[in-house]
Structure formats: C-alpha cells, structure tokens
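> Fold the following for me, if possible:
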Amino acid sequence: MARPRQAAAFDQRTVTSPALDLLGRMLADLPVSTRVALVMLPRHVSSIPRPGSNYHALEEACRQRLTELAARPRSAFLDLLVDDAMARDIENWWDTIHYRGSIARLVESKVGAALAAMN
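Below you'll find the model as predicted:
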C-alpha cells in the first residue's frame, strides 16, 4: 500500500515562493490607482490541510505573503479557503478543487464587493 504524500519540512522564516515574489514585482509596477483583489479560492474540505501539518504551514506562509502583498493601496486579500459548511457540502464540488456554479457566483460577488469598496 502506498504511503500518503508528505510535504518536506521547512523553516517558515526562510521559505521562498518564486510565484509570489513575481506577483509582488508585478504589483509594484502597477499604478497605485489600479484596484487589485488577491483571492485564495475555496476547495472541498478534504483537500484542506490539517492544522499542524507541513502542508498547512505552507498554506499559512502563503496567506501571510498574500496579506503583505495586499497592503498596497486599493488592494484586498480575500481568503475563501476555509473549512465551513460550503466546503463540506459535496454538492458544491465537481472534485476536491473544482467548484460548481453556486460557489463561482459567490466568489464573483465577494471579489466584486471588495473591488467596489475601493472606489
């Protein structure tokens, strides 16, 4: 029987994320008048890492970096990746990461509200 995959242990103080570093450089090049919404999209609860796991620590590091990036003017970070009733309802999901229309409309609404609040 195959063993479950494990994320390599890491030191959160020294972890790097080339994609988020690139995003930071891109955001720095935007005019401050540009509205930005950074979104951590929802997933089915079965794909959300357990607290205390390395995967959870990696996601927390990502959340922290996205929060820092959203500190620029006219920006918001929307963390929709939470263990809630929506994430637990199997009818909302095609699989563990692909959500159905009802969640897409909710994401759209939340992003729209965040951007509108920046006016």
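> Return the helix or strand in the chain with minimum mean pLDDT.
Here the helix or strand of the chain ranked lowest by mean pLDDT, DSSP states H and E is helix 54-69, holding a mean of 91.
> ok, then the element right after that helix?
The C-terminal neighbour of helix 54-69 among helices and strands, as given by DSSP states H and E, is strand 75-79.
> All the strands of the chain, in order from the start?
36-40, 75-79 (DSSP state E).
> Turn those strands into TSV, including distance to residue 102 and mean neighbour count.
Backbone N, C-alpha and C define where each C-beta goes, glycine included. Putting the strands of the chain into TSV (distance: least, Cβ to Cβ, whole Å; neighbours: other Cβ atoms under 10 Å) gives the following:
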stretch	distance to residue 102	mean neighbour count
strand 36-40	17	17
strand 75-79	17	17
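> quick one, which of these is nearest to residue 115?
Nearest to residue 115 among these is strand 36-40 (5.7 Å), distances taken as Cβ to Cβ.
> Find the nearest non-adjacent residue to the residue nearest the centre of the chain, please.
When Cα atoms, centre = their mean is applied to the chain, the residue found nearest the centroid is residue 40 (1.9 Å). In space, and not counting its chain neighbours, residue 40 is closest to residue 81: 4.4 Å by Cβ to Cβ, 6 or more residues apart in numbering.
> how about that neighbour, what does it touch?
Residues near residue 81 by Cβ atoms under 8 Å, 6 or more residues apart in numbering: 40, 41, 42, 43, 48, 59.
> Does the fourth one touch residue 84 like I think?
I take that to be residue 43. No - with contact defined as Cβ atoms under 8 Å, residue 43 and residue 84 do not form a contacting pair (11.4 Å).
> between these two, which one's more packed in?
Counted by other Cβ atoms under 10 Å, residue 43 and residue 84 do not tie: residue 43 has more neighbours, with 20 against 10.
> number of nearby residues for residue 53?
So residue 53, with other Cβ under 10 Å, has 12 neighbours.
> Do a quick rundown of the helices in the protein.
Secondary structure of the chain (DSSP state H): helices located at 18-29, 54-69, 85-88, 101-116.
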